[in-house]
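Novice: The following block contains a protein sequence and its predicted model.
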Amino acid sequence: MKVLNFMGQRKLALGLSVVLLVLSIGSLATRQLNWGLDFTGGTLVEVHYSETADLSAIRGLLDGNGFAGAVVVAFGTDRDVLIRLPQGKSDADARAMLTLLQDNFEGTVELRRTEFIGPQVGAELREQGGLAILLALGLVMLYIAFRFQMKFAVGAVAALFHDIVITLGFFSITGMDFDLTVLAALLAVIGYSLNDTIVVSDRIRENFRKVRGEGPVSIINISLSETLGRTLVTSLTTLLVLVALAVFGGDMIYGFAIALLVGVVIGTYSSIYVAANTLLMLNVSKEDLMIPVKEGAEQDDLAP
């Protein structure tokens, strides 16, 4: 097996991560996120067209008639349309919009349902979503510390924090809607990145105990090289599915697919460079991973 010198590029990778984190945090501080209706509150209207609905025409019609900012997406079939009106629109506005749609369509437009989401609910969702992410990071740190060692836990949480911030920064910079589906994708990114990090950490621990006469950098390079094939196959197959979802899945899950695409790419990178690089910064050594010997065990081994 050819051992690749991953850690030889660790300073360059560290610089890249710092730049991405600074850009992401700077954008989140200045531009913030483009919160979707789930978080800001508003009115959700589902309508059914008797014939195929032209989403572009519907968007143009609404924008030019007092409903600027409305989000129009296909919902299920090409005749079902979900319209999200921003905060400040009432039930009367929803009825006026339905009349507008009917007057500009030769067939029939049927109202299926109308839901109102208040701003208080949106604020609670933002708070609970943030708490869910923090709780996930805390539990991950405890799990890794229990299964491996505290230095591995710090590396894993650093990698997950890196992935979440950069994914959030991507949505902040691009201005894409951040709704509940994107939040769900963020939690999925935590799970994906954690799985990859655990596989790498397990191999690093095993090689620290098995390989003799090599320093931490060489052992980590060996471990990353051994898991590289598995990492690439898993990431590429996942990316193929996500690209298909983003292209053919429709507007309803577009944000979800994009968030996972960004998260999987960044997560694969962070499991190689951020988690392993953090271990080197914390001066991980063979002594950190030695299996403790019970008191009296050595004497028992030496006894005739």
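Specialist: That came in fine, so what should we check first?

Novice: Point me to the helix or strand that includes the residue most central in space within the chain.
Specialist: Centre of the chain computed as the mean C-alpha position; nearest residue by Cα atoms, centre = their mean is L186, 3.0 Å away. Counting by DSSP states H and E, the element that carries L186 is helix 180-210.

Novice: related to what we said a few turns ago, which ones are touching the residue nearest to the centre of the chain?
Specialist: The neighbours of L186, taking Cβ atoms under 8 Å, 6 or more residues apart in numbering as the test, are I133, I164, T167, L168, A259, G263. Every C-beta, even on glycine, is put in place using the N, C-alpha and C of the backbone.

Novice: Go through the residues you listed and name the one nearest L62.
Specialist: Set against L62, the nearest of the contacts of L186 by Cβ to Cβ is A259 (26.2 Å).

Novice: so how far is I258 from the residue lying closest to the closest one once chain neighbours are set aside?
Specialist: Nearest in space to A259, with sequence neighbours left out and distances taken as Cβ to Cβ, 6 or more residues apart in numbering, is A185 at 3.5 Å. Distance, A185 to I258, using Cβ to Cβ, to the nearest Å: 8 Å.

Novice: Looking at those two, which one has more neighbours?
Specialist: Each of A185 and I258 has its neighbours counted (other Cβ atoms under 10 Å); A185 has more, 23 against 20.

Novice: residues contacting that one?
Specialist: Neighbour list for A185: G255, F256, A257, A259, L260, G263 [criterion: Cβ under 8 Å, 6+ apart].

Novice: Out of those residues, flag the one nearest to L21.
Specialist: L21 has its nearest neighbour among those in G263, at 14.9 Å by Cβ to Cβ.

Novice: wait, isn't the closest one in contact with G191?
Specialist: No - using Cβ atoms under 8 Å, G263 makes no contact with G191, being 10.0 Å away.

Novice: average pLDDT for stretch 189-206?
Specialist: What stretch 189-206 shows for mean pLDDT is 83.

Novice: just the helices in this protein please.
Specialist: For the chain, helices defined by DSSP state H occupy the ranges 10-30, 37-40, 55-63, 91-103, 119-147, 150-174, 180-210, 216-248, 254-272, 274-281, 297-302.

Novice: With respect to D78, which of those lies nearest?
Specialist: Closest approach to D78 among the helices of the chain (Cβ to Cβ): helix 55-63, 9.0 Å.

Novice: contact partners of that closest one?
Specialist: Taking Cβ under 8 Å, 6+ apart as the rule, helix 55-63 contacts A68, A70, V72, V73, A74, V81, I83, M97, L100, L101, N104, D251.

Novice: what residues go with each domain of the protein?
Specialist: Domains of the chain are assigned by automatic domain parsing as 6-34+121-289, 42-117.

Novice: residue contacts, the nearest residue to A132 once chain neighbours are set aside?
Specialist: Residue nearest to A132 in three dimensions, not counting chain neighbours: L187, with 6.7 Å by Cβ to Cβ, 6+ apart. Residues in contact with L187 (Cβ under 8 Å, 6+ apart) are A132, I133, A136.

Novice: and the helix holding L186 with helix 216-248, angle?
Specialist: Computed by axes from the mean of the first three to the mean of the last three Cα atoms, to 10 degrees, the angle separating helix 180-210 from helix 216-248 equals 160 degrees.

Novice: got any ranges where the stretch 1-150 of the chain has weak pLDDT?
Specialist: Where the stretch 1-150 of the chain drops to pLDDT under 70, the residues are 1, 76, 88-90, 117-123.

Novice: Filter the contacts of A185 down to the buried ones.
Specialist: G255, F256, A257, A259, L260, G263 (16 or more other Cβ atoms under 10 Å).

Novice: Out of those, the closest to G8 would be?
Specialist: Each of the buried ones among the contacts of A185 was scored against G8 by Cβ to Cβ, and G263 proved nearest at 26.5 Å.

Novice: what separates that closest one from N34, distance-wise?
Specialist: Applying Cβ to Cβ, the value for G263 to N34 is 18 Å.

Novice: cool, D202 as well?
Specialist: 39 Å.
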